[in-house]
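In: Sequence and computational prediction follow.
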Amino acid sequence: MISKSELKYYSSLLNKKYRHKENKFIIEGRLLLEEALKSNQEIEIVISTHSFAETDQDFLLQFKHVRHETVSQKEFTRVCDTSTPQGIAGVIKFRGADKNKLNLINDDLIVFIDNISDPGNLGTIIRTCDWFGIKKILLSKNSVELLNPKTIRSSMGSVFHLNIFNEIDLQTDIRAIQKNGYKIYLADVKGEDVFKIKDQNKIILCFSNESRGPSDELREIADKTITIPRFGAAESLNVSSAAAILISHLARSHHY
């Protein structure tokens, strides 16, 4: 049985302050729980409604080695961020990538996300990277929180599959990686047509703030500014849409 104090503690993880303090976050729904399990994430507890436990026993068997507690529907809403919860949630102990290993990165293509403000965009970019086989993402200090519930949901579990380096500093961390032979490709509305760029290994592909675009700092250290050719009248693309196109093109050259 889960105590009132425990329920209060877990509900506090819906707050960014306590997620960072405890290094834990809540996931909701079958898909995220299954992805967390398959990715060997450390699941502290599974919480479900009484009705879910009664009707979905087969699903819960997967978590027989994890503590499982049932609560009323009203109590369950205290640990949920969604308006129509599925009746099951879990608490994950966050296991981020080790920044001390940044100097060991040797992938052909990595993604740097700088000052992205929308958690849905961040989650979608993470999911896109996962689809195209990118294993490492660098997330700047001034970007939206990685553990934001909307980011986690939008990633559809991909957040568990990748090495995501958090709190990345542009001047120290990115410059250090750049010295290891990486070229910085900056995505922007104006730049070199990405489809005309010849294949090149060791690329850091950078995406910036949705409304303000790349910072002056990022422009200064970029080796190349790239863009997607426009054939219509739209002023710009959503950053997650642009990321899907650019990542698809650059990743293909490394896989085929």
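Out: Received, thanks. Not measured: the values here are computed from a predicted model.
In: The stretch 151-256 of the chain: helices as residue ranges?
Out: In the stretch 151-256 of the chain, the segments counted as helices under DSSP state H, counting those that start in this stretch are 175-178, 216-221, 239-255.
In: Show me what the longest one is in contact with.
Out: Just to be clear, that refers to helix 239-255. Outside of helix 239-255, the residues within contact range by CB atoms under 8 Å, 6 or more residues apart in numbering are 108-109, 111, 116, 120-121, 124-125, 128-129, 132-134, 185, 187, 194-195, 199, 201, 203, 205, 207-208, 210, 226, 228, 237. C-beta coordinates here come from the backbone N, C-alpha and C atoms, glycine included.
In: winner for burial among the helices of the stretch 151-256 of the chain?
Out: Stretch with highest mean neighbour count among those: helix 239-255 (a mean of 18; mean count of other CB atoms under 10 Å).
In: hmm, back to that, I only care about the contacts of helix 239-255 that end up buried; give me the PyMOL line for that.
Out: Burial among these is assessed by 16 or more other CB atoms under 10 Å; the matching PyMOL selection reads:
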select buried, resi 108+109+111+116+120+121+124+125+128+129+132+134+185+187+194+203+205+207+208+226+228+237
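In: Quote the end-to-end distance of stretch 216-230.
Out: 24 Å (CA to CA, to the nearest Å).
In: my bad, stretch 187-200
Out: 16 Å.
In: what's the answer for stretch 72-89, then?
Out: 13 Å.
In: Stretch 56-76 too?
Out: OK, stretch 56-76 end separation, CA to CA: 16 Å.
In: before we move on, what about stretch 223-234?
Out: Across stretch 223-234, first to last residue, CA to CA, it's 27 Å.
In: got the buried residues for it?
Out: 225, 226, 227, 228.
In: same check, this time on stretch 93-104
Out: 97, 102.
In: So what touches it?
Out: 19, 23-25, 41-44, 136, 146-147, 163-168, 173, 176-177, 180.
In: Can you tell me how far residue 101 is from residue 27?
Out: 25 Å (CB to CB, to the nearest Å).
In: scratch that, residue 41 is what I was asking about
Out: 9 Å.
In: between the two, what contacts are shared?
Out: Listed as contacting both residue 41 and residue 27 by CB under 8 Å, 6+ apart are residue 92.
In: which of the two has more neighbours?
Out: residue 27 (25 against 20; other CB atoms under 10 Å).
In: Give me the distance between residue 103 and residue 139.
Out: With CB to CB as the criterion, residue 103 and residue 139 are 18 Å apart.
In: nope, residue 28 is what I was after
Out: 22 Å.
In: more crowded one of these two?
Out: residue 139 (25 against 22).
In: Just the element for the more buried one, please.
Out: strand 136-140 (DSSP states H and E).
In: what kind of secondary structure is residue 142 in?
Out: coil (DSSP: H, G, I helix; E, B strand; the rest coil).
In: Pull the contacting residues for it.
Out: 114, 115.
In: With residue 174 instead?
Out: Here residue 174 is in contact with 112, 138, 168, 184, 204, 221 (criterion: CB under 8 Å, 6+ apart).
In: if I look at it, how far off is residue 191?
Out: Counting by CB to CB, the gap from residue 174 to residue 191 is 18 Å.
In: Would you state the helices of the stretch 1-150 of the chain in chain order?
Out: Counting by DSSP H, counting those that start in this stretch, the helices of the stretch 1-150 of the chain are 4-11, 16-22, 30-38, 50-55, 57-60, 73-76, 119-131, 149-155.
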